[in-house]
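K.L.:
Just need the structure, nothing else, for what follows:
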Amino acid sequence: MEKSCSLLVHFDKGTPALANEIKEALEGNDVPAKIDAMKNAIMLLLNGETLPQLFITIVRYVLPSEDHTVQKLLLLYLEIIDKTDGKGRVLPEMILICQNLRNNLQHPNEYIRGVTLRFLCRLNEVEIIEPLIPSIISNLEHRHPYVRRNAILAVMAIYKLPQGEQLLVDAPETIERFLSTEQDQSAKRNAFLMLFNCAQDRAVNYLLTNVDKVSDWGELLQMVVLELIRKVCRTNKAEKGKYIKIIISLLNAPSAAVVYECAGTLVSLSSAPTAIRAAANTYCQLLLSQSDNNVKLIVLDRLNELKSSHRDIMVDMIMDVLRALSSPNLDIRRKTLDIVLELITPRSVNEVVQTLKKEVMKTQSGELEKNGEYRQMLIQAIHSCAIKFPEVASTVVHLLMDFLGDNNVASAMDVAIFVREIIETNPKLRVSIITRLLDTFYQIRAARVCSCALWILGEYSLSLSEVEGAIATIKQCLGDLPFFSISEDVEAADSSKKSQQATSITVSSRRPAILADGTYATQSAASETTISPNIMVQGSLASENLRSLLLTGDFFLGAIVACTLAKLILRLEEVQPSKVEVNKASSNALLIMVSMLQLGQSSVLPHPIDNDSYDRIVLCIRLLCNTGDAERKIWLKSCRESFVKMLSDKQLRETEEIKAKAQISHSQPDDLIDFYHLKSRKGMSQLELEDEVQDDLKRATGEFVKDADDANKLNRIIQLTGFSDPVYAEAYVTVHHYDIVLDVTVINRTKETLQNLCLELATMGDLKLVERPQNYTLAPESSKQIKANIKVSSTETGVIFGNIVYETSNVLERTVVVLNDIHIDIMDYISPAVCSDTAFRTMWAEFEWENKVAVNTTITSEKEFLDHIIKSTNMKCLTASSALEGECGFLAANLYAKSVFGEDALVNVSVEKQGDGKLNGYIRIRSKTQGIALSLGDKITLKQKGGS
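P.N.:
Down below sits the predicted model:
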């Protein structure tokens, strides 16, 4: 058995001191040298050295020293040396120490008395302690609180020893008397702690006699009181009422730590609405009064827990929680918004949105560098409020449209998506949104935001003035035609012949972007995360934003301009009675499209137009030259219909998730009614009554009873050795978040006693063994339970392997039984999670580890294969089910999961049905760390065949 260690000191193994050097320094008269020598001796002892010859030197030369540091180091030395022989008897030379300790306990200096009493707390040898008992007891009445404080701790430690109750027969009475007269807060706390640990009834008695004074006790003592209350209430639920009153009185304590503990204790003990409301109020006050960000994050976590268990009470606290947005820290703001968004009700939505609007206005003053990111969070929050409660949309949509030209592209894009959804769900706002969009269109600087805004103009400009206004705005933003002069084209062609590096207006760096179906497309650098103000190209005005983006080579945007113009002209034919005006507008639109094609095929730009955009613009030209009814229907109706379907799918998914959550939280479908007046009152306060009713309800709805699933337990038992081995072993593996517990049962199958039996384990991957293996003796045909803890530091498949080693009396060498390997499955660490499309794509572009697995399966249906992969990998499919419907022989879907360590796992499945009915394609996995990518790849390769 290893001895327990009560002292840890960092030791640099570089230059260990030699025993004879230490000895010489201890024998000299130089005090600093003596101190260094003692420190070195302690370090060596802690690192497994034995220095037997030093003991006598220390007794002769160190014991008599009057220096306080030397005396303190002497006590540390005595703490770590072996005081007993192999058979557990105290060594005779320890008697020399005993006299010295007695002298220290009667020393005139209080520091020496205090550290000696502190040392006695860690001493287990009764033979050494017994002669010192009278001196320890006399120190309880010492004039200095430092001595009294440590004397109580010594009494407590001795009383806890196996023979402690014989050594100190009346310790609890002595301490109780001491408690009633003591004035020092720290000593009182130690005395109360002693009663709490050694004589709980006396502690409870003392607490209940002094109930009125609890609020005046010091912070340290109040913390112990709360601990006592928690312990008592767990064992004796009937007594809960009177203790809850004490907690409520402590909620007004001046110490933040006490108040926080009170709130936590209240929530753990009671479900009464009054108690929960008091706890929530306390957390909200702490959120505002504490300046430390870590404290705020912890308090927000507590509020989040309350939200899931007592939402009805938390709903009233929404504005108090929202005040935490005043903190400049982004994590705090994100957590606050997450909590608030789930607590919004029709009653509070207006107030919340007003606050969020004020916060958005504040971000316009560009003082903080994270303003853009914060604004994006606020815009997303306002978006979700407006979708849940459409009536507030009108108050925020115009304010947010000012941010369409934001330099932070992500937040501008969020505004565009928000406007697109609101204009469809709130028809009343359509006219004002279109008008505002036409006014602010020229401010938009990002290609992606322009694309979204153009789509809105093309779909929702319905009246004559709106259609004409939209066409005029687009023409104004494109500037004068043509996009380049012939001389520029000739110059560019000449210069590109002279040198391979084309000296053009701007060079667009290209990189693959991921489209919604998981395929790649090239994307120009015009859509970077933030836009520099000087992106304007020569020859374009500030209002000609579309022109400057086209001149950077963004022809995807050009194709969208062409489609929007085509839609607007088709709409114009319906609303404009004058045929001449329609033809004029149509020819103007055709001129713009042809100019874009010319620009794309000229040498002015470094890259020619891509085939997709070229085909798209040519299609628009053909459409305007020759329009049939079928095409008109597709362009003017089908686009909108598919957008409406996408929105309704999204809403359906959200409501299903809410329903699923609601089903989890309630144990029974029928809500029970509280009949307070049927409860006998027996002088109970309102709070006690509420608490009792809540407990009865919990029992009725089965919330107290949560049995572990035994059948599930049996599935996780792993056989480690064969039935014919002399030692049979099997392990039950429990995976907690950050550690794995192996519960190994070892059975001796032989008729001999196995000595020094040891379970030796080793690990591969990010697993670490926590403790050293111990040796056991196993009687014939008996069994032993051995527990092993293994720490996990990241999500990847780990392997635990090892062997059992033992000796028998008749064989000299040790016998080794090799164990079966235990594979720790990555599935224990990842759980399905949800993230937005944009977040998915951003992560996909950022993560450096990709693992590409070729599809190799016997399954013939694409949808069935996807479901099989989702089930095998424990991930969530982010692609809407409507997008996966129908049979087209091709399927692409995105899956997402999060690990317990906060790592993200992204998977893209792209499969195609071949002519012979087999599926082929690839599954791509991306993550920030190599472990997840490899482990998930292995898992998919193993499972994808379609077997179990």
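K.L.:
D85 reaches L91, doesn't it?
P.N.:
Yes. Under the criterion of CB atoms under 8 Å, D85 lies in contact with L91, with a separation of 6.0 Å. To be clear about C-beta, it is placed using only N, CA and C from the backbone, and glycine gets the same treatment.
K.L.:
The two - which one has more neighbours?
P.N.:
Each of D85 and L91 had its neighbours counted (other CB atoms under 10 Å), and the higher figure belongs to L91 (15 against 10).
K.L.:
list the contacts for the more buried one?
P.N.:
Going by CB atoms under 8 Å, 6 or more residues apart in numbering, L91 touches 82-85.
K.L.:
So which of those residues wins on neighbours?
P.N.:
Compared across those, K83 has the highest neighbour count, 17 neighbours, by other CB under 10 Å.
K.L.:
which of the residues in the host helix or strand of L652 are buried?
P.N.:
Using DSSP states H and E, the element containing L652 is helix 639-665. Neighbour-count burial for helix 639-665, with 16 or more other CB atoms under 10 Å as criterion, is recorded at no position.
K.L.:
for it, packing partners?
P.N.:
Contacting helix 639-665 under the criterion 3 or more CB pairs under 8 Å, 6 or more residues apart in numbering; DSSP states H and E are the following elements: helix 409-425, helix 447-460.
K.L.:
still on that earlier bit, let's see which of the contacts of L91 end up in strands.
P.N.:
Nothing among these maps onto strands, per DSSP state E.
K.L.:
where's the residue of the chain most remote from its centre, which helix or strand?
P.N.:
With distances taken as CA atoms, centre = their mean, the residue sitting farthest from the centre of the chain turns out to be V580, at 63.5 Å. Assigning secondary structure by DSSP H and E places V580 in helix 579-601.
K.L.:
Pull the distance from that helix to the chain's centre.
P.N.:
Its chain's average C-alpha position is 54 Å from that of helix 579-601, according to CA atoms, centre = their mean, to the nearest Å.
K.L.:
Can I get the contacts of L91 in CSV including distance to I790 and pLDDT?
P.N.:
Output for these, formatted as CSV (distance: CB to CB, whole Å; pLDDT from 0 to 100):
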residue, distance to I790, pLDDT
D82, 31, 81
K83, 34, 79
T84, 33, 80
D85, 36, 77
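K.L.:
I'd like the distance between V353 and K335.
P.N.:
V353 is 19 Å from K335, where distance means CB to CB, to the nearest Å.
K.L.:
Please tabulate the helices and strands packed on helix 639-665 in CSV, including the columns distance to I717, mean neighbour count and mean pLDDT.
P.N.:
CSV is the format used below for these (distance: least, CB to CB, whole Å; neighbours: other CB atoms under 10 Å; pLDDT from 0 to 100):
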stretch, distance to I717, mean neighbour count, mean pLDDT
helix 409-425, 49, 22, 85
helix 447-460, 54, 23, 91
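K.L.:
could you dump these to TSV with distance to L623?
P.N.:
Rendered in TSV, the data for these read as follows (distance: least, CB to CB, whole Å):
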stretch	distance to L623
helix 409-425	23
helix 447-460	13
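K.L.:
Quickly list what the residue lying closest to N748 once chain neighbours are set aside is bridged to.
P.N.:
Once its chain neighbours are removed from consideration, N748 has its nearest residue in L778; the separation is 4.4 Å (CB to CB, 6 or more residues apart in numbering). The partner list for L778 in beta bridges (DSSP bridges) reads L754.
K.L.:
I'd guessed L778 sits against T750; true?
P.N.:
No. At 9.3 Å, L778 and T750 do not qualify as touching, with contact defined as CB under 8 Å.
K.L.:
Tell me which of those two has more neighbours.
P.N.:
L778 (20 against 14).
K.L.:
Just the pLDDT at that one, thanks.
P.N.:
As predicted, L778 sits at a pLDDT of 88.
K.L.:
one step back: in contact with the residue nearest to N748, which residues?
P.N.:
Applying CB under 8 Å, 6+ apart, we find L778 in contact with 746, 748, 753-754, 757, 784, 806.
K.L.:
swap in T879?
P.N.:
892-894.
K.L.:
Also N281?
P.N.:
317, 320.
K.L.:
can you tell me the helix or strand for it?
P.N.:
Counting by DSSP H and E, N281 is part of helix 273-289.
K.L.:
average pLDDT across stretch 476-496?
P.N.:
74.
K.L.:
what do you get for stretch 332-341?
P.N.:
Averaging pLDDT along stretch 332-341 gives 91.
K.L.:
List the buried residues of that stretch.
P.N.:
Neighbour-count burial for stretch 332-341 flags 332-333, 335-337, 339-340 (criterion: 16+ other CB under 10 Å).
K.L.:
Low-confidence bits of the stretch 651-800 of the chain, can you list those?
P.N.:
For the stretch 651-800 of the chain, applying pLDDT under 70 flags the ranges 661-713, 737, 794-795.
K.L.:
typo on my end, the chain
P.N.:
Within the chain, the set of residues satisfying pLDDT under 70 comprises 1-5, 11-17, 366-369, 488-543, 661-713, 737, 794-795, 946-948.
K.L.:
Nearest spatial neighbour of D610, chain-adjacent residues omitted?
P.N.:
In space, and not counting its chain neighbours, D610 is closest to F555: 6.0 Å by CB to CB, 6+ apart.
K.L.:
OK, contacts around that neighbour?
P.N.:
When contacts are counted by CB under 8 Å, 6+ apart, F555 is found next to 596, 600, 609-610, 613-614.
K.L.:
With distance to G241 as new columns, can those be given to me in a markdown table?
P.N.:
Written out in a markdown table, the entries for these read as follows (distance: CB to CB, whole Å):
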| residue | distance to G241 |
| --- | --- |
| M596 | 79 |
| G600 | 81 |
| I609 | 79 |
| D610 | 75 |
| S613 | 75 |
| Y614 | 80 |
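K.L.:
Out of the residues you listed, who's the most crowded?
P.N.:
The most crowded member of the contacts of F555, judged by other CB under 10 Å, is M596 (26 neighbours).
K.L.:
wouldn't it be in contact with C620 here?
P.N.:
No. With contact defined as CB under 8 Å, M596 and C620 do not form a contacting pair (9.9 Å).
K.L.:
shared neighbours of these two, anything?
P.N.:
When CB under 8 Å, 6+ apart defines a contact, the residues bordering M596 and C620 alike are A562.
K.L.:
Could you measure from S485 over to H868?
P.N.:
With distances defined as CB to CB, the gap from S485 to H868 amounts to 60 Å.
K.L.:
mind listing what I456 touches?
P.N.:
416, 419-420, 423, 433-434, 437.
K.L.:
and if we set it to 6 Å?
P.N.:
Residues touching I456, when contacts are defined by CB atoms under 6 Å, 6 or more residues apart in numbering, comprise R420.
K.L.:
Can you tell me how far it is from A566?
P.N.:
Separation of I456 from A566 (CB to CB): 16 Å.
K.L.:
helix/strand/coil for L757?
P.N.:
For L757, the secondary structure call by DSSP: H, G, I helix; E, B strand; the rest coil comes out as strand.
K.L.:
Also S910?
P.N.:
Bear in mind the rule, three-state DSSP; under it S910 is strand.
K.L.:
Going forward, count from 39.
P.N.:
Yes, from this point I'll number from 39; that puts the last item at S948.
K.L.:
Okay, and the beta partners of it?
P.N.:
Listed by DSSP bridges, the beta-bridge partners for S948 are A930, Y960.
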